[in-house]
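In: need a 3D model of the following:
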Amino acid sequence: MLANKLASGISWFGSYNVFGMIGGTFVSEYLNDKYGPKCRDASRSVHDSLCKEYYQFFYAQGFLLGIGIASVLLPAFSIAAQYFTKYRGLALGIVISGSSLGGVIWPIALNKLTSEVGFGWGIRAPIQTTNHIKAKPDFSCVKNPVLILLAVELFFVYFGLFTPFFYIELWALSLGLDSNFALYTISIVNAASLFGRIIPGLLADRFGCYNIAVMAAISSGLVCTCMIKATSVAGITMFSLAYGFTLGVIISLQGVCAAKLVSPTQYGIAIGFVMTVLSIAGLVGSPTNGKILHVWGHIGISLFSEIMMLLGALVFLSARLKLNSQLLAKA
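Out: This is a model prediction of the structure:
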């Protein structure tokens with residue numbers, strides 16, 4: 001439907017979705033605590049089936065979908081964090097891995113549904129509601145210096161984190177590879193991300209979530225430089241697996257790292273604050289990479305993503321050392 005649009009223009013759907021999904025969690029948590037779930041249900045209708053034009057897709061996939069996901073994302077994080085202390089990393093990893101599993105299934109399912117029942121009927125979904133106990137939000141945790149450093153670190157990381165996710169399919173097509181394989185690269189990334197969200201959770205509980213997250217940020221930056229070296233089906237598959245795994249680690253542990261710094265009653269606010277800051281990078285990161293792509297090609301976005309994530313890893317290391325100055329200590 002949007003075959004005549006540039007990649008940088010279409011990438012605004014995903015980037016604004018990330019912005020609304022992650023940035024909206026802070027406001028969503030406040031409204032959820034203050035008024036309950038009623039205010040968020042209005043945004044959960046699916047409008048994609050009616051879309052024909054660019055602005056309609058942006059409104060549905062970027063704005064409405066982002067808000068809808070934001071309304072349920074943070075409660076899932078904060079509720080699980082309150083019930084687990086010793087194995088919090090594993091618990092949150094399992095919770096967030098659900099989106100990876102969905103990311104494996106839905107691209108394949110939607111591809112089949114679109115060809116069999118059409119685009120509109122392929123994406124319609126029911127609305128559900130839930131009960132809620134209201135609470136008074138406590139914002140004092142946003143002054144924590146380590147929490148602020150964590151937010152800054154993730155801001156830099158998210159500038160490049162989703163670049164391969166949005167552009168790996170385009171890279172595969174530019175190499176002349178099979179279009180069906182190019183479509184399934186997203187499922188491969190999500191499949192690897194599923195394990196990246198669970199296995200490191202166990203390691204984080206054993207060695208410290210900040211220690212594992214710093215290594216994940218460094219690894220993600222290094223992996224991004226390998227995208228332009230993947231020029232075959234086997235190469236892109238291996239890159240997608242490596243990238244998906246490191247992507248899953250960062251997404252899984254960001255909530256664990258934030259929850260470590262505050263009391264159980266502040267989990268939602270702390271995680272929401274961090275996500276709001278990094279959502280700005282999620283909003284402009286992919287379109288920025290789209291512009292870089294048009295000027296310097298895939299090597300440009302690969303190097304830009306690497307630099308931003310390694311810079312984020314450096315800030316993450318400073319947050320880790322501020323939390324505990326002993327380099328080999330569990331933190």
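In: who's in contact with the most centrally placed residue in the chain?
Out: For the chain, the residue sitting closest to the mean C-alpha position, by C-alpha atoms, centre = their mean, is Ile251 at 5.7 Å. Shown in contact with Ile251 (C-beta atoms under 8 Å, 6 or more residues apart in numbering): Ile96, Ser193, Arg197. Backbone N, C-alpha and C define where each C-beta goes, glycine included.
In: mind running it again at 7 Å?
Out: If you count contacts by C-beta atoms under 7 Å, 6 or more residues apart in numbering, Ile251 has them with Ile96, Arg197.
In: how about Ala216?
Out: Pro200, Thr246, Val249, Ile250, Leu253.
In: and those residues, which two are furthest apart?
Out: Spatial extent of the contacts of Ala216 (C-beta to C-beta) is set by the pair Thr246 and Leu253 at 11.0 Å.
In: please say which of these two ends up with more neighbours.
Out: The neighbour count for Thr246 versus Leu253, taken as other C-beta atoms under 10 Å, is higher for Leu253 (28 against 25).
In: in the helix or strand hosting the more buried one, which residues are buried?
Out: Leu253 belongs to helix 233-259 when assigned by DSSP states H and E. Judged by neighbour count using 16 or more other C-beta atoms under 10 Å, the buried positions of helix 233-259 are 236-237, 239-259.
In: same question for stretch 279-294.
Out: Across stretch 279-294, burial judged by 16+ other C-beta under 10 Å covers Ser279, Ala281, Gly282, Leu283, Gly285, Ser286, Pro287, Thr288, Asn289, Gly290, Ile292, Leu293.
In: can you list those in TSV and add secondary structure, pLDDT and distance to Arg88?
Out: Output for the buried residues of stretch 279-294, formatted as TSV (DSSP: H, G, I helix; E, B strand; the rest coil; pLDDT from 0 to 100; distance: C-beta to C-beta, whole Å):
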residue	secondary structure	pLDDT	distance to Arg88
Ser279	helix	82	23
Ala281	helix	86	25
Gly282	helix	79	24
Leu283	helix	80	29
Gly285	helix	82	28
Ser286	helix	79	30
Pro287	helix	82	35
Thr288	helix	86	34
Asn289	helix	84	33
Gly290	helix	82	37
Ile292	helix	89	37
Leu293	helix	87	38
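In: what's the most distant pair in the residues you listed?
Out: Spatial extent of the buried residues of stretch 279-294 (C-beta to C-beta) is set by the pair Ser279 and Leu293 at 22.0 Å.
In: test my guess that Asn111 contacts Leu183.
Out: Yes - taking C-beta atoms under 7 Å as the definition, Asn111 is a contact partner of Leu183 at 6.2 Å.
In: how much space between Ile280 and Met227?
Out: 24 Å (C-beta to C-beta, to the nearest Å).
In: meant to ask about Gln82, not that
Out: Per C-beta to C-beta, Gln82 is found 38 Å from Met227.
In: of the two, who's got more company?
Out: Met227 (25 against 15).
In: quick check: closest non-adjacent residue to that one.
Out: Ser302 (5.1 Å; C-beta to C-beta, 6 or more residues apart in numbering).
In: list the contacts for the one you found?
Out: Cys224, Thr225, Met227, Ile228.
In: cool, and Thr231?
Out: Leu175.
In: okay, it: pLDDT?
Out: With respect to pLDDT, Thr231 scores 92.
In: do Phe239 as well
Out: As predicted, Phe239 sits at a pLDDT of 94.
In: and the angle from the helix or strand where Ala182 lies to helix 233-259?
Out: Using DSSP H and E, Ala182 maps to helix 179-207. Helix 179-207 runs at 40 degrees relative to helix 233-259, counting by axes from the mean of the first three to the mean of the last three C-alpha atoms, to 10 degrees.
In: how far off centre is helix 179-207?
Out: Per C-alpha atoms, centre = their mean, to the nearest Å, the displacement of helix 179-207 from the mean C-alpha position of its chain is 12 Å.
In: so which elements touch it?
Out: Judged by 3 or more C-beta pairs under 7 Å, 6 or more residues apart in numbering; DSSP states H and E, helix 179-207 is in contact with helix 88-117, helix 163-174, helix 209-224, helix 233-259.
In: assign Lys330 to helix, strand or coil.
Out: Three-state secondary structure (criterion: DSSP: H, G, I helix; E, B strand; the rest coil) places Lys330 in coil.
In: pull the contacting residues for it.
Out: Phe207, Gly208.
In: my guess is Trp315 meets Leu150, correct?
Out: One thing to correct before we go on: residue 315 is Val, not Trp. No - judged on C-beta under 7 Å, Val315 makes no contact with Leu150 at a distance of 8.6 Å.
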